[in-house]
Every structure is written in C-alpha cells, then in structure tokens.
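Undergrad: Coordinates for the following, if possible.
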Amino acid sequence: MRLALYTGIILAGGYTCLTPALAADPTGDWRVADGVANIRVAQCNGSMWGAVSWEKQPGGRDENNPDASKKNRATLGMATLIDMKKKPGVDQWEGQVYNAKDGQLYSATITPAGSDQLEIKGCVMGFLCGGETWTRVGPPIPLSTANAMAKGAPKSAGAAPKAQGTTTAQGTTGATVPPPPPAAAPKAAGATKPGQKGAADPVGDICLLPEIAGFTH
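TA: Residues are numbered from 1 along each chain as shown. Sure thing, here's the model as predicted:
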C-alpha cells in the first residue's frame, strides 16, 4: 500500500466534533487512523507543524505531487501539518494540511481530545469537510532547542576561569590541567526519545527539517 493518506483527511463523510480538554498538548507522535504512518507534531517558531516520523512500509515517495521536482522526494520527514496557529480561547490549531493522496493543500484544524487522541479535520473551499482521529504513540515534545535559541534564550554561563599558576621553589608553573572526565557509558539500544535524531529515530527534531526551518511567513 502506498503511503498516500498520511494526513488522514477524507474529503467526504461525517465528522464528530469532540470537546477538547483544557490545556491539551497536541505535540508528540500520533498514529494515523489506518495505521500506515506516524505524524510527529511539534511547536516550531510559534506554530504547530507535523511531519511523517515513521512508515509502515518504508521508502514512500511523494509521487502524487503536481510539482514534478517533488515527485521523488521521500515521504519520511515530509511536512503534513503546516504552520498551524492556535485559535484564541480554545485548544484548537488551524492552518493547512498536505494530502499526499492528491498532492494538494487544504485548510485544516487539529483538536486534542483528551491526552491520547487528536482530531484532525480538513475542508475544501470551506465545505466538503471530513476528518479522523489519530492515536498518541509518543509523549509530548518540549519546545525545540532550536526555537529557544531563535527567541534569544539566555546563553549558558561561560567557561570556568582558568586556574592560577602555583609558585614553587623553581618558579611559577602553569595552571594544573585536571584529568578528563570518564567517558559516558553508551546508550542502550532504542533509548532515543522523540525529537532526538538517531538510529532508532531517523527524523529527530522536525523543527530542524529544511522544509520547516526554511519556512517564511
């Protein structure tokens, strides 16, 4: 099965709106309704973004994209939820969703339903709306360190001052160099957390993906 409906947007059929939980967090990894992929949602530069973080059948390509230059791009790491802004007074974000089935962008909202479900709804020209529920498979993701740097977060304290030389009968010596700390023990296999790029997580922090990091408003 080609990975064609990562976004879960079905532009027909009913959609039940559930009351969102207060202070819900839409970040984390979510399994789409048909189980073919996970979408990682994170806050990047003040907006929510989502990208494919896992594929049931690896090696998917964006072959339905009308842009010929993108037809061969990998679907792993591809942005699906785009620049979604929080709506005032409610736990809901609105922006655009990329539907890999037809290579088109649609208006969309995401709404957390409790802590373990995410409702996604997309519409064509304001009508023919449909959607589905995604299930949480990864914990919420802290704000990207890249975003913290971009927003002028205070830098860590500078290096400790060098030790002063010591006086001996032969004169003043240089600073004593402490021995290097022992090497850290290797991480256990599978210890990579969502948002940390590694063998167990090839996507890592989606805010650093070129498609998202290079987005201009």
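
Undergrad: doesn't Leu76 make contact with Arg61?
TA: No. Between Arg61 and Leu76 there is no contact under CB atoms under 8 Å: 9.8 Å. All C-beta spots, glycine's among them, are computed from the backbone N, C-alpha and C.

Undergrad: So Lys71 sits against Arg61, correct?
TA: Yes. Between Lys71 and Arg61 a contact is recorded at 7.0 Å, counting by CB under 8 Å.

Undergrad: Which of those two has more residues huddled nearby?
TA: The residue with more neighbours, out of Lys71 and Arg61, is Arg61; 17 against 13, by other CB atoms under 10 Å.

Undergrad: For the closest residue to the more buried one other than its chain neighbours, give me its contacts.
TA: In space, and not counting its chain neighbours, Arg61 is closest to Asn72: 5.6 Å by CB to CB, 6 or more residues apart in numbering. By CB atoms under 8 Å, 6 or more residues apart in numbering, Asn72 lies in contact with Arg61, Asp62, Glu63.

Undergrad: any idea what Asn72 is structurally, helix, strand or coil?
TA: coil (DSSP: H, G, I helix; E, B strand; the rest coil).

Undergrad: Look at Val124 and say how many residues are nearby.
TA: Counted by other CB under 10 Å, the residues lying close to Val124 total 15.

Undergrad: and it, bridged to which residues?
TA: Beta-bridge partners recorded for Val124 (DSSP bridges): Phe127.

Undergrad: what about Ser69, how many neighbours?
TA: Around Ser69 there are 7 residues (other CB under 10 Å).

Undergrad: Ok, Met78 next?
TA: 24.

Undergrad: what separates it from Glu55, distance-wise?
TA: 10 Å (CB to CB, to the nearest Å).

Undergrad: Equivalent analysis for Ala113, please.
TA: The separation that Ala113 has from Glu55, given CB to CB, amounts to 25 Å.

Undergrad: show me where the chain has helices.
TA: 145-150, 210-213 (DSSP state H).

Undergrad: Since that was my last question, I'll sign off now.
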